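**Student:** I need the structure of the sequence given here:
(one chain, ligands or ions: 1)
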Amino acid sequence: MDFSKLWLGYKQLEDCSKKRLIISCEHDLKDSAAVDELKNAAADMMPEAIVLWRSELFDDASYLIVLTVKPELSREEYDIAASDNITEICGGSDIGVLYGVYAFLRRTALEGRFVSFTEHHIPSQPLRMLNHWDNSDGSIERGYSGNSFFFRDGELVVDQRTVMYARLMASAGINATVINNVNVRGLAKHLLSESYADTLTELSELLRRYGIKLFICPDFAAPITVGGLESADPLDVNVINWWTQCCSRLFSSLPNLAGFLVKADSEGQPGPFAYGRDHADGANMLAKAVKPYGGTIIWRCFVYNCTQDWRDEKTDRARSAYDCFKPLDGKFDDNVILQVKNGPMDFQVREPVSPLFGAMDKTNLMAEFQLAQEYTGQQKHVVYLVPMIKEILAHKTHCKGENDEVGKIVCGVAAVANTGDDHCWTGTELAAANLYGYGRLLFDESLSAEQIAEEWIALTFGDDKEVHDKVLEILMESHKAYEDYTVPLGLGWMCKPNNHYGPDPWGYEFDRWGTYNRADRDAVGVERGPEGTGYSTQYSKELADLYGSVENCPDELLLFFHRVPYTHKLHSGKTVIQHIYDTHFEGFEKAEHFAALWDSLESKVDEKTFANVKERFNEQVRCAKEWRDIINCFFHRLSGIDDEKGRKIY
Ligand code: GCW
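**Tutor:** Numbers count the residues shown, from 1 in each chain. Below is the predicted model of the structure:
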């Protein structure tokens, strides 16, 4: 099978004097993933060495690894004491040991030799999840990396790639995955019935071995579409019984199944509204059905009116998640988690942090990000998202005293996956930095986005300094560059409708999706302050004061919160229109610069990766130019104001 090992492709160690790798562990661990990982790594790192179990053979030519489960540690916790000859790895369970093994191997790979160190760690976020938007026909909604490796031609698949997937995800720290699209379509029929039973068991067991809990998306209307009932009303006793039986069968045969992720009453998906019920009724009904098995219902808050009249200036999509869920705070069962998108709209390159994180005192919350770069260049443009994710998790809501950062409020984090069945899993090697970095950040929030990038570069490309420096520069400056040449000052959208790639300033302006920029010849932006739609008042007083006034609002979000004339002066000292021109020229130049940096690495990166990334950069530069010229031209024609630097605007 043609797939890359990504960051798990180890190189031979510099010092290969060790002829034996001796693994000492209790009987129970002998068949564990942790031991497999050590054997896999030894084959690459110490190709001459033999792997043995017998510690009495330990001598100078051996390296001894002792693996122990220590019940006093928590399940995912580990302790490492490593020296040049012996390493002891203790974990709270086989999974704690596995995480310890990955940490040990990572450190060894980064150093190129065995080194002495100690490490003790408990993962920062308890629930570190990927959401795959995969469909049964093998397509992936918003997928930019080939087809699904979970589903092919209507079948669920478990093969070598699935094993590699589990290894890669566990090594990055992921501990939960949702294998199918939240827009469930026909899949519920297979997932909830017997038709995938054997393969689903196999997949579930494989994931369990790597500490990854399995979640699936059912269809809220499954009592009708799968069960043949006439209703899916969450208060109807037949419906309740149907779900109770369905869950009993499913969870008893899949011990690693941890629950459901549900998109209800959103963008045409069925939900409780059809029966005059609310989201708490819907979520709690399912929560009760999965409760006997320790299951969790993750219920999405991406709910808004997607049939809006663009003439209606009162309805504001940004308000809708809060308006819909805030009144339900305290009404959800304790095994329900609400999954909140990071911003109030939809994974734009810049949005304010969703006000729901600060608003739900009595409800479990999760944050949802999107690694699939739907609105950020679709994995053709390099956009390293880890700095943004870190910033959002560190965002202070000013709602909960000391522990009021998003990362501390939530009980878990999910991200829409950017993977598929292409060679390097993510369409281009550089997008794998987001997959790795996302997992690593949730596993250890003390790491900086830059440290994570450096780790990923070294594990992916080796230790060449020039490669390191140039790839690091590209990654760390990539988000700003993309923001600069696309949509200014938090305005959002302006992309082509439906596929969301490339510029189209009025593509959504007269459509039903509630995503308007309201640009005319005098002004641009949506007034969301207290005098406008009132969205800014959904925040704590500190943030409402900050966002609610034109004077205080941070520049990068100004047009999200306010409608201002083109001549309005930003805190930076520039006018809005001049800012637009300048950032668009600068952003495009940055894209050209990234492409040139990559070109200069031709002799240092393997041919396949070099060609793949080069091709993507060609497209990024082409598309960045399109964005620059169309957005500049659009605002120039509307405002009639010339660039003060006299550059050509079409
Ligand atoms: O961003 C939008 C996407 C839809 C997606 C939806 C969601 C799965 O354009 O493709 O549907 O969000 O998050 O549910």
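**Student:** switch to C-alpha atoms for all contacts and neighbour counts from now on
**Tutor:** Noted.
**Student:** and this structure, which residues reach the ligand?
**Tutor:** Proximity of the chain to the ligand is confined to 141-142, 182-183, 346 under the rule C-alpha under 6 Å from any ligand atom.
**Student:** make it 8 Å
**Tutor:** Residues of the chain lying near the ligand by C-alpha under 8 Å from any ligand atom: 133, 141-142, 181-183, 263, 266-267, 302, 346-347, 374, 498-500.
**Student:** strands along the stretch 151-300 of the chain, start to end?
**Tutor:** Applying DSSP state E, counting those that start in this stretch to the stretch 151-300 of the chain gives strands spanning 151-152, 155-156, 176-178, 213-216, 257-262, 296-300.
**Student:** need those in TSV with mean neighbour count, can you?
**Tutor:** As requested, those are arranged in TSV below (neighbours: other C-alpha atoms under 10 Å):
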stretch	mean neighbour count
strand 151-152	18
strand 155-156	19
strand 176-178	24
strand 213-216	24
strand 257-262	25
strand 296-300	25
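**Student:** turn those strands into TSV, columns for mean pLDDT.
**Tutor:** Output for those, formatted as TSV (pLDDT from 0 to 100):
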stretch	mean pLDDT
strand 151-152	96
strand 155-156	95
strand 176-178	98
strand 213-216	98
strand 257-262	98
strand 296-300	98
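**Student:** where along the stretch 401-550 of the chain do the helices fall?
**Tutor:** Using DSSP state H, counting those that start in this stretch, the helices of the stretch 401-550 of the chain run over 406-409, 432-443, 449-461, 465-485, 541-548.
**Student:** and the next helix or strand past the last one?
**Tutor:** Yep, that's helix 541-548 we're talking about. Using DSSP states H and E, the helix or strand that follows helix 541-548 towards the C-terminus is helix 558-561.
**Student:** got a list of contacts for that next one?
**Tutor:** 351, 488-492, 524-529, 536, 547-548, 550, 553 (C-alpha atoms under 8 Å, 6 or more residues apart in numbering).
**Student:** can you find the helix or strand in the chain with the smallest mean pLDDT?
**Tutor:** Scoring the helices and strands of the chain by mean pLDDT, DSSP states H and E places helix 187-191 at the bottom, with a mean of 88.
**Student:** what comes up buried for that helix?
**Tutor:** Buried residues in helix 187-191, defined by neighbour count with 16 or more other C-alpha atoms under 10 Å: 187-191.
**Student:** could you dump those residues to CSV with distance to residue 435?
**Tutor:** As requested, these are exported to CSV (distance: C-alpha to C-alpha, whole Å):
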residue, distance to residue 435
187, 25
188, 27
189, 30
190, 28
191, 26
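**Student:** burial measure for the closest residue to residue 234 other than its chain neighbours, as a count.
**Tutor:** Sequence neighbours aside, residue 282 is the residue nearest to residue 234 in space, at 5.5 Å (criterion: C-alpha to C-alpha, 6 or more residues apart in numbering). Other residues within reach of residue 282, judged by other C-alpha atoms under 10 Å, total 22.
**Student:** what's the spacing between whichever residue of the stretch 251-400 of the chain sits closest to the ligand and residue 260?
**Tutor:** Nearest residue of the stretch 251-400 of the chain to the ligand, counting by C-alpha to the nearest ligand atom: residue 346, 5.4 Å away. The gap separating residue 346 from residue 260 is 22 Å, by C-alpha to C-alpha, to the nearest Å.
**Student:** so the spatially most central residue of the chain bridges to which residues?
**Tutor:** Closest residue to the average C-alpha location of the chain: residue 415 at 2.6 Å, with C-alpha atoms, centre = their mean. On the basis of DSSP bridges, residue 415 is bridged to residue 130, residue 369.
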